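In: Got a predicted structure plus its sequence, pasted below:
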Amino acid sequence: MTNRRYLRELLQDSSFPSFLMLVLLVIVNAILQPNFFSYQVFRINFLTFTPLILVSLAQATVILVGAVDLSLGAGISLVTAVMASLMGDSVLSIVLVVLLGIGVAVFLSLFNGFFIGIIGPPPLIMTFATSTIWFGAALLLMPHPGGYIPETYYGLYTASIGGFLPTPVAVLIVAMLFCLLLGRSRAFRHVYAVGGNEKAARASGINVTATKIFAFLVSGVFVAMAALCVVGQTATGDARSGQGFTLNSVAAAVIGGIAFSGGKGNYLGAAMGGIILGLLINIIYFANITSFYQEFMKGVIIIVALLIGAVPRLRRGATRH
Amino acid sequence: MADTVLQARHIKKSFVGVRALSDANFVLREGEVCGLVGANGSGKTTFARVVSGLLRPDDGELLLYERPVDLRSHLDAEQYRMAMVHQNLSLVPEMTIWENIALGREARDALGLLDNRAAAEQARGALATIGVGLSVHERVRNVSPDEKQLIEIAKALAKDPRILILDEPTASLDFHQVEALFGAVKLLKENGVSIIFISHRIWEVARICDRLVAFRNGETVGELDFSVHDRDERLIVPLITGREVKTRIRKSASQREREIAALQAPAPVLEIKSLSLDGGRLKNISLSLRRGEVLGLGGLQRQGQEEILMILAGYLRGFSGQILINGSPVSLRNTRQAIRRGIVLIPGDRQKEGLFLQHSVLTNLLYPKVSMHRGSFFLPTSRYRRLATEAIDKVSLVPPNPRLNVSQLSGGNQQKVVVGKWLTLSPTVLLLNDPTKGVDVGTRENIYEIISSLTAQGASVLLYASDNEELINNCDRVLIVFEGRIVKEIGAEEISEEKIVVSSLNVEHTGEEAETGNTR
Amino acid sequence: MSSQERSLLKMANLKSLAANKLTIAAGAVVLLFVFGEIISPGFLSFGHVMSVLRLSVFLGIVALGQSLVVMSGGEGIDLSVGSVLSLGVVIASSLLEGKNTNIPVALAGAMGAGFAIGMVNGFGVAYVGIPPLIMTLAMASVVEGLSLIYTGGYPSGSAPALLESLGNGRIVGIPYVVLLWVLVIVAATLLLFRKRWGAVLFGVGANSITAELSGIDVKRFRMLVYGICGAITGVAGFLVLGYTGTPYLNLGAPYLMSSIAAVAVGGISLAGGSGSYVGASIGCILLITLSSILVALQTTEAVRQIVYGSLLFVIVVAYTRRRAE
């Protein structure tokens, strides 16, 4: 590819607007929060942001294949409830329960994936139904927030590996490596095809059902990682802990350039979208906006972010009605 | 005699209550191009889908390379090195050309990861064979419909097939691109590839095929071997329609002139002055359309013909210039204003732009009328139903059932609905964007008969056709558009294929200083 | 008629299988009521049935707005109806201040606020091209904030006697609001199937390009549909206030997902272009009846959620018809 084409592709990349927004937000945050670039603040920010970034990656995968998953938040809640009710102090117990938690997260996503892939109900309603079921199950296990998570576990999450790399960042690095690997896999290329034009994908010999299930499987992996982080961060099981994640993950993915119709966008954008949302919440807090205005501002800012993201698309279709 | 690569014997296929194929027979020999012709609903598309593995026959035998096979999917067919070219059904818009060509057969390296470089190389080769001058890194959504069709063909070729099925491959192509395609076909023949060429464009079939097979009502009704017979359409059409060729009594140019003159009013019904579109897609277009006239827009693809129609329909903005109706300037800022003045558009893509596939014939036929309805509190349903029945009658819809869902109609009948729905509004100017693309001979005749009767009553027609035959057979005048400008006006007496082709290439003006640049 | 045409017609009649979705849903309602009577005698009594119906009315009105938005196509959905209803409640109550004379102003206020918010939604969706799920989702946050800002955290005012009696009163045992709902259902059905606006809506939802080429300003039409949905939701808030008497924050939260569920259960395609409000209404009754049964069974919230979700899951899966390749 020529250099000019490289530049054009870069500027037209779906994640470019979110990159600009990210830079802007970092600047604003730095102004409002005095020690923004200090190690401590960096660490605390990533402690909070990481679960949202991971869930955004999960949601991005599902949107890429042409669906949406409104049960991600409830799924996380359920996993935290399971883990907090079973984990004990011994290392064996921790390891086993972690494995169980991962298994549950993946199972929940696969459940959605199987039905959406094989039978084909509208994902919106389908995942809303399952989110209600997961929420109920979580409530059953943990009617009130509680349970037990040993210090060994949450201490590990809040610690820094080798003294300088916060665990959440390490988790993100693992996630990003996973993304890179996916990007070179055939199954993931098929995800883009199925999301982009399902009929065309089928006509090209792609197994659409298997691809959809694959997308949900990948999503489940990211959800598992997110749940492990949430448990490490809150050290409790809470049936409502996941509530904010669902809708935030959709907003983060779209702000990050994932087209809602499917087949367009990339993980980098989705991750940036997650960070953007985190920084937004930060700004609202640090700007001393009264709690009444916080929800309001969050909504307004998301809409503005979406407007900014929509500009390139608008400019392209200017003469059409 | 060459080997038989494909043989179909007494194939039967039915869908819910519909007998699509009752007795289909077909033979294809190595290195030959065999045409497959038939009206919409004759079963040839179903047959193609059976042969390519997309459908399984209810009965009958299919042999590949002289061995009986049972194809369960089109992937099975690909195992036998058979590829079918779809009509724009297998491209993902957001992906690049090379990604699309490699789709489903992605090259992998030693680690099992995608080998993008190899895939891109292969794509480049496939495109070169067809003569498409695009970069393989271009995204398909930026590519025009005719180029998309060529990419579909390239995609099939990249599979290196021994048997190739082309289903309406030239539907959106202009003669330039058709030539390139025919060149590729000849090359494939020389390499021993066998080709089934399905098309409504009979003159092309007569040109490129060695033999042809005709279907009617689900069975094979005849064959023509061009090593024996003449390449004459008049031999082919009766096989398709089952009737004698009814040469439409084409009026002489002078008779048309007299008819049009008789209808004239002081000002032409439609006039365009200095029309220019943002981005240079149209530059200073001027034309005038008289009452009762059929004015053709010809030329190569994508030279601005479609844009002219869309602007007149009120669907495009961002233009400058004047539009006059009956001598007075009008503003056509939206489709409603255009329709109110009797200007209606029959769009280029009936499924995407012309129909509500989930609704009934009745709903579709009445929508423009309903849209323009004013006055009564409730819709006058019985009066409207009568209008719909009249429209069904006027276009000879088959079957003439208003409650039928349009998705169950054949392509030709769907197009009749698209035309018919405007008849309820008694239009004064009809804008036609390639109205008979992918439509069979019988329906084509139907549509042009309707147009004739409308012009006889004083309506005017602006017709864009990618197929020159159509322009020659139906227009009183033809304007050739080149790079957004009108470069030639061809009057009735001098309309000919040669004249159109030469003007379309704008060769007469190569010496002139042309304002070239990005016209796309 | 040839045999081919006859079979094609048979296929067309199978299309009225969609009407069967309504019969299935209606049948399910009847079954639920019978079940309810078995586990809690008196469930099927006239008074109780009317109570269940009364509860369904408020959801039903919200579902009307939601139905119109979904039918308008383009993946239309309105996730802000919950917060708009809440806003309608607090605006209405603060304008009413418990006085009958303020009823017109309060109604106008709730409706107007809802309409304005809906138009913002509609503008974002139709003119800017933001996917409806996300646009209305973001607006939900904005509106939630607006409620807080407007009330300062303490909703004021109350419903006057007239409104309360509308919300709670009955005539010959039938609640006033149920009668009102019947009128609404009739009016909505007439609008959808006998008036130009309804026919236009179905076209816009089925294929916006075809509709545009037939003379419809699709963007303006879709924006207006969202505006109307907002207005209707505001009115719903006004009525809910009549039922509760005093305002609370976030009164509208449970209505959001129920309205979407009701639309789906009622057989309205989420892709747009078809459906009927009668279906959504039956869906509302079904959902409220189910909730009622679960309450009568004295189940915990956990069990209620699981049952609710499972039922919705089963219905959604059952309604999906896999189209043959």
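Out: Structure's in. What do you need?

In: Below-threshold pLDDT in the stretch 201-325 of chain C: ranges please.
Out: The model of the stretch 201-325 of chain C has pLDDT under 70 over residues C:321-325.

In: where do the strands sit along it?
Out: Taking DSSP state E, counting those that start in this stretch, the stretch 201-325 of chain C contains no strands at all.

In: Which positions in it make contact with chain A?
Out: Applying Cβ under 8 Å from any Cβ of the partner chain, we find that the stretch 201-325 of chain C lies next to chain A at C:212, C:219, C:257, C:260-261, C:264, C:270, C:300-310, C:312-313, C:316-317, C:319-320, C:322, C:325. Where you see a C-beta, it was placed from the backbone N, CA and C, and this is true even at glycine.

In: In ChimeraX, select just the buried ones from those residues.
Out: Buried residues among these (16 or more other Cβ atoms under 10 Å in any protein chain shown), as a ChimeraX selection:
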select /C:212,219,257,260,261,264,270,302,304,305,306,307,308,309,312,313,316,317,319,320
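
In: list the contacts for residue C:224?
Out: C:119, C:122 (Cβ atoms under 8 Å, 6 or more residues apart in numbering or on different chains).

In: switch the cut-off to 7 Å
Out: By Cβ atoms under 7 Å, 6 or more residues apart in numbering or on different chains, the residues touching residue C:224 are residue C:122.

In: Show me where the chain has its helices.
Out: Chain wasn't specified; assuming chain A. For chain A, the helices defined by DSSP state H cover A:3-12, A:16-32, A:39-64, A:72-86, A:91-114, A:123-141, A:151-158, A:167-183, A:186-196, A:198-203, A:208-234, A:243-255, A:267-286, A:291-316.

In: that's the wrong chain, I wanted chain C
Out: Under DSSP H, chain C gives helices at C:3-14, C:17-39, C:46-71, C:81-96, C:103-122, C:132-151, C:161-168, C:176-194, C:196-206, C:208-213, C:218-244, C:253-265, C:277-296, C:301-319.

In: The third one vs chain B: in contact?
Out: No. For a cut-off given as Cβ under 7 Å from any Cβ of the partner chain, helix C:46-71 has no contacts with chain B; the smallest distance is 11.9 Å.

In: wait, doesn't residue B:397 sit right on residue B:415?
Out: No. When contacts are counted by Cβ atoms under 7 Å, residue B:397 is not listed as touching residue B:415 (10.4 Å).

In: the more surrounded of these two?
Out: Remark: of residue B:397 and residue B:415, residue B:415 carries more neighbours, 27 against 22, as counted by other Cβ atoms under 10 Å in any protein chain shown.

In: Past the helix or strand containing that one, which element shows up next along the chain?
Out: Taking DSSP states H and E as the criterion, residue B:415 maps to helix B:411-423. Per DSSP H and E, the first helix or strand lying C-terminal to helix B:411-423 is strand B:429-433.

In: Residues contacting that following strand, please?
Out: Against strand B:429-433 from outside (Cβ under 7 Å, 6+ apart): B:269-270, B:306, B:309, B:312-313, B:342-348, B:454, B:459-464.

In: from those residues, which are also near chain C?
Out: Restricting the contacts of strand B:429-433 to contacts with chain C (Cβ under 7 Å from any Cβ) yields B:313, B:345, B:347.

In: So for stretch B:400-420, mean pLDDT?
Out: For stretch B:400-420, mean pLDDT is 90.

In: My error: substitute stretch B:64-71 in the last question.
Out: 89.

In: what comes up buried for it?
Out: For stretch B:64-71, burial by neighbour count (16+ other Cβ under 10 Å) applies to B:64, B:69, B:71.
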